[in-house]
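*Asks:* coords please:
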Amino acid sequence: MLTRLSHLLCFVLPLSTFSFLISGPHDALSGFAWTLPFWLVLLLDWWNPTIRTEQSADIQKRFFDGILYGLALLHLANIWLMLNAVSELRWDTTDDLGFGLVNLIAIRFLVGTSSGTSGIVLAHELIHRPQPYLQQLGRLLLCTVCYEHFVITHKRGHHLSMGMPQDIATARLGESFHDYWLRIYKGHIRYAWQSELERLSISNQPWQLKIIHHQVLQGLAAELILLTAISVIFGWLAALMFLYQAFAAVRILETVNYFQHWGLEDERYGHTFGWVTDAWMSRYVLIGLSHHIGHHENENRHFFEIAYSDQGPKLPYGYFVMNLWVKLNNASYQQMALRELERFQNSGISGTLS
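*Replies:* You can find the predicted model right below:
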């Protein structure tokens, strides 16, 4: 029972966002109150209670598939509700202005956080599934955060060259998050574009079909059409909020990528697939994302099948706390990370992975 309930924690943030949106608009106090579920998750992620759950054989695959479909539906509903909520705000008086700004701030925080911790994480799970329709659903979810090219950069780039200097998604030793963000935000789209050109260059298709089958172009076209439709139906402010939540969500994703592999690009501190954490809250709210070594050992494993591995340098907190630490005090984070890499190198664990 504990295992079953633990897996349902992934609904906490998107459901609280959904509830906020359908019950709005809100005043300042009410808007802050709806952010409390996030702060509770953050607190538990920092505290990291030592709750251990084992996979139960009586939980059927349909249960986990239901979680994925439920999360996808919630994410799409939250995007729609956000656009509708922004379009209905009024700006006629001074009171309207203050009220509207409060709601925009709350919407940006809740939807951006939900998109980054639920939408993109779910898309990551789906693009690794073998079923084409699930992969397409993952691409659709990535379009809602304007990051559809992540499919190519992640699967063809990161998974094939992880731990090597040419992997643009691995943060270098001593690299700040600011520098990493500027490098990969542009580098990912360039890599995806070039990868598609190379893939299509070996086909015998006419150039017209090559353009149609160019996956990066498909994604950019879908995102442009989506943004245009939002502007026409909901207005320019809703379109701006859509872009803002997308930016916030992608920044959450890339912060995770930053600390998952920081300093591991050349194996000078030993061979490992990534940094590890046994944080219970991160494990279940982020549908297995924090068990990252197991994911790299076998990318075809489903989120509920990935076991915890301690074969890497250990993060002191879960992913939610680490995400804020990296952004708010990057120098302090790097000092901790360097000490932990040295400890990991001297522990004897660093040479055990094959």
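
*Asks:* got the contact list for stretch 233-249?
*Replies:* The contact list for stretch 233-249, computed with Cβ atoms under 8 Å, 6 or more residues apart in numbering, reads 79, 82-84, 86-87, 89, 104, 107-108, 111-113, 115-116, 119-120, 144-147, 227, 230-231. Just so you know, the C-beta spots here come from the backbone N, C-alpha and C atoms, and that holds for glycine as well.

*Asks:* for it, what is the average pLDDT?
*Replies:* Computed over stretch 233-249, the mean pLDDT rounds to 97.

*Asks:* one step back: taking the contacts of stretch 233-249 one by one, which sit in helices?
*Replies:* In helices, judged by DSSP state H, the following of those are found: 79, 82-84, 86-87, 104, 107-108, 111-113, 120, 227, 230-231.

*Asks:* which of these has the most neighbours?
*Replies:* Highest neighbour count within the ones in helices among the contacts of stretch 233-249: Val111, with 31 neighbours (other Cβ atoms under 10 Å).

*Asks:* OK, contacts around that residue?
*Replies:* Per Cβ under 8 Å, 6+ apart, neighbours of Val111: Thr17, Leu21, Asn78, Ile79, Met82, Met241, Gln245.

*Asks:* next one: Leu126
*Replies:* Leu68, Ala72, Leu134, Gln135, Leu137, Gly138, Leu141.

*Asks:* What's the end-to-end length of stretch 142-159?
*Replies:* End-to-end distance for stretch 142-159: 18 Å, by Cα to Cα, to the nearest Å.

*Asks:* Buried residues, that stretch. List them.
*Replies:* By neighbour count on 16 or more other Cβ atoms under 10 Å, the buried set for stretch 142-159 is 142-158.

*Asks:* what are the ranges of the helices in the stretch 251-354 of the chain?
*Replies:* Along the stretch 251-354 of the chain, counting by DSSP state H, counting those that start in this stretch, helices occupy 280-285, 292-297, 319-328, 330-347.

*Asks:* which of those helices sits most buried?
*Replies:* helix 280-285 (a mean of 24; mean count of other Cβ atoms under 10 Å).

*Asks:* what are the phi and psi angles of Thr35?
*Replies:* phi -90, psi -10 (degrees, to the nearest 10).

*Asks:* do the same with Glu223
*Replies:* Per degrees, to the nearest 10, the backbone of Glu223 is at phi -70, psi -40.

*Asks:* can you list the weak-confidence ranges in the stretch 251-354 of the chain?
*Replies:* Applying pLDDT under 70 to the stretch 251-354 of the chain flags residues 350-354.

*Asks:* 50 - rerun?
*Replies:* 354 (pLDDT under 50).

*Asks:* So the closest residue to Gln334 other than its chain neighbours, which state does it fall into?
*Replies:* Nearest residue to Gln334, sequence neighbours excluded (Cβ to Cβ, 6 or more residues apart in numbering): Gly174, at 6.9 Å. Judged by DSSP: H, G, I helix; E, B strand; the rest coil, the three-state class of Gly174 is coil.
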